[in-house]
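Enquirer: What follows is a predicted structure for the sequence shown.
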Amino acid sequence: MAGRETDAAGLELEAPLHERLTPAPETAQLELFGALHDEGETVVLLGPHEQGFWAVFSASAEYLDGAPDPLDRWSKRVIGALAAAWGGTAVFPSDGPPYPPFFRWARKSGRAWPSPVAMLVHDRAGLMVSYRGAVRLPGLAALPGTGPNPCTRCEDKPCRTACPVAALSARLYDTGKCHAFLDTAPGQDCMTHGCAARRACPVSESYGRLPQQSHFHMRAFHKT
């Protein structure tokens, strides 16, 4: 059709993505963390909408019922409902094996990049980025614009030196060294407030994640 926008491969695009996301993800305390085209479909990446995510999740039935994996169960219920409303299919990092390529999708979205400490850094969430799930929509929606890698304008790069035991580098995340530190008294700062390297990121600081949520993630990561 004449006048239709096309992608890099010359394929015609449909309506702008935001027009297809009704209700908006923010109504479920989620937000668009990126979008991309994949195998003839549009993949919508979703992450926590801050501020306010912890208040909503910690009041949910999944958090309060005492059963395992409350955040995964909350994500599947909420994102599943959004997917149904949007006419798409929900996808989650835990689906598999084989597991969906969330890391590759994040990079391809143009909103996440490898950081100086190997983990992904996101233009909105910084090193606190967490993909709760994705929705695959049929067709190729016109994608929103993307911004620059925040690390390129971060002169000090405090994440590189923030880890008390130097468990993180551009090439390696030494999880054994990290877990050993978390078993010590000095390691309780990271257990209570979240990974020191993630917190040191200026974008993470402005994102608004509460320490209670970071503590929740740390307890899931480091089971004692």
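Expert: Structure received.
Enquirer: Helices along this protein, start to end?
Expert: Ranges of helices within the chain are 53-58, 61-64, 70-86, 102-108, 159-162, 175-182, 188-193, 196-200, 202-207, 211-221, based on DSSP state H.
Enquirer: Those: which one's closest to residue 126?
Expert: When the helices of the chain are ranked by distance to residue 126, counting by Cβ to Cβ, first place goes to helix 202-207 at 3.1 Å. All C-beta spots, glycine's among them, are computed from the backbone N, C-alpha and C.
Enquirer: ok, back up a step: ok, which of the helices of the chain comes nearest residue 135?
Expert: The closest approach between residue 135 and any of these, judged by Cβ to Cβ, belongs to helix 70-86 at 4.5 Å.
Enquirer: Can you dump the C-alpha atoms of that closest one in PDB for me?
Expert: The C-alpha atoms that make up helix 70-86 are tabulated as PDB, following Å, rounded to 0.1, in the frame of the first residue of the first chain:
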ATOM      1  CA  PRO A  70       5.400 -15.300  43.800                       C
ATOM      2  CA  LEU A  71       6.800 -12.800  41.300                       C
ATOM      3  CA  ASP A  72       6.900 -15.200  38.500                       C
ATOM      4  CA  ARG A  73       3.300 -16.200  39.200                       C
ATOM      5  CA  TRP A  74       2.200 -12.500  39.400                       C
ATOM      6  CA  SER A  75       4.000 -11.800  36.100                       C
ATOM      7  CA  LYS A  76       2.300 -14.700  34.400                       C
ATOM      8  CA  ARG A  77      -1.200 -13.600  35.600                       C
ATOM      9  CA  VAL A  78      -0.800  -9.900  34.800                       C
ATOM     10  CA  ILE A  79       1.100 -10.200  31.600                       C
ATOM     11  CA  GLY A  80      -1.100 -13.000  30.500                       C
ATOM     12  CA  ALA A  81      -4.100 -10.700  30.900                       C
ATOM     13  CA  LEU A  82      -2.400  -8.000  28.900                       C
ATOM     14  CA  ALA A  83      -1.500 -10.400  26.100                       C
ATOM     15  CA  ALA A  84      -5.100 -11.500  25.900                       C
ATOM     16  CA  ALA A  85      -6.300  -7.900  25.700                       C
ATOM     17  CA  TRP A  86      -3.700  -7.000  23.100                       C
END
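Enquirer: Not including adjacent chain positions, what is the nearest residue to residue 182?
Expert: Distances taken as Cβ to Cβ, 6 or more residues apart in numbering put residue 222 closest to residue 182, at 4.6 Å, once the chain neighbours are dropped.
Enquirer: what sits against the one you found?
Expert: For residue 222, the contacting residues are 179, 182, 191, by Cβ atoms under 8 Å, 6 or more residues apart in numbering.
Enquirer: of the helices of the chain, which approaches residue 42 most closely?
Expert: Once Cβ to Cβ is applied to these, the stretch that comes out nearest is helix 70-86, at 10.0 Å.
Enquirer: what's the angle from the closest one to helix 211-221?
Expert: Here helix 70-86 runs at an angle of 110 degrees relative to helix 211-221 (axes from the mean of the first three to the mean of the last three Cα atoms, to 10 degrees).
Enquirer: Can you give the contact residues for helix 70-86?
Expert: Surrounding helix 70-86, the residues in contact under the criterion Cβ under 8 Å, 6+ apart are 20-23, 25, 28-30, 44, 46, 57, 60, 62-63, 67, 89-90, 92, 94, 132-135, 137, 216, 220.
Enquirer: What subset of those residues is buried?
Expert: Burial by neighbour count, judged by 16 or more other Cβ atoms under 10 Å, picks out 20-21, 25, 28-30, 44, 46, 57, 60, 62-63, 90, 92, 132-135, 137, 216 from these.
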